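> Give the three-dimensional model of this entry:
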Amino acid sequence: MPNLLIDACGWVAVVDARINIDLEIERTIGPAKWILPTQAKEEIERLAKGRNDLLLDLLTTRASIIDGEEGYTDDVLVHLAQRLDAPVLTVDKALKRRLTAAGCAYLEVVRDRSLRLVD
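Numbers count the residues shown, from 1 in each chain. Okay, the predicted model is just below:
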């Protein structure tokens, strides 16, 4: 089963687009183990203080939370993507450029309310 790293902005985009996350992940990369770095979890929790619809319970029950990686969220995601050979769910343009430069894949939300794997 492949790993999938979750970025805060990617999760928010999925929720905002009302994407059926299970179906779309399975369609694009197959069943996956969700991994949420502590930094991304903290960002989502901060965002959730201003809104109630971020499906935090779903995310935290499904994802394995990785603690102990030090640094800025994007640095941690790129490092983990390389180490685990895992795509990152994100819509952050700068992070997508960094992932591409590092030879890593990402899943992005596209206009038709689906996910696209960029490998």
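> hey, let's count contacts and neighbours off CA atoms from now on
Will do.
> Would you map the strands across the protein?
Counting by DSSP state E, the chain has strands at residues 3-6, 33-37, 64-66, 88-89, 106-110, 114-118.
> which outside residues touch the third one?
This means strand 64-66. Strand 64-66 has contacts (Cα atoms under 8 Å, 6 or more residues apart in numbering) with 33-38, 41.
> what do you get if the cut-off is 6 Å, keeping everything else the same?
Residues outside strand 64-66 that contact it (Cα atoms under 6 Å, 6 or more residues apart in numbering): 35-38.
> now do the fifth one
Taking Cα under 6 Å, 6+ apart as the criterion, the residues outside strand 106-110 that touch it are 87-91, 115-118.
> Dump the residues you listed into a markdown table; add distance to residue 105 and pLDDT as well.
Below are those laid out as a markdown table (distance: Cα to Cα, whole Å; pLDDT from 0 to 100):
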| residue | distance to residue 105 | pLDDT |
| --- | --- | --- |
| 87 | 5 | 97 |
| 88 | 7 | 97 |
| 89 | 9 | 97 |
| 90 | 10 | 96 |
| 91 | 12 | 95 |
| 115 | 13 | 94 |
| 116 | 10 | 94 |
| 117 | 7 | 94 |
| 118 | 6 | 96 |
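> ok so, going back, and the furthest pair within the contacts of strand 64-66?
Pairwise distances across the contacts of strand 64-66 (Cα to Cα) peak at 9.6 Å, for the pair 35 and 38.
> out of the two, which sits in the busier spot?
residue 35 (21 against 18; other Cα atoms under 10 Å).
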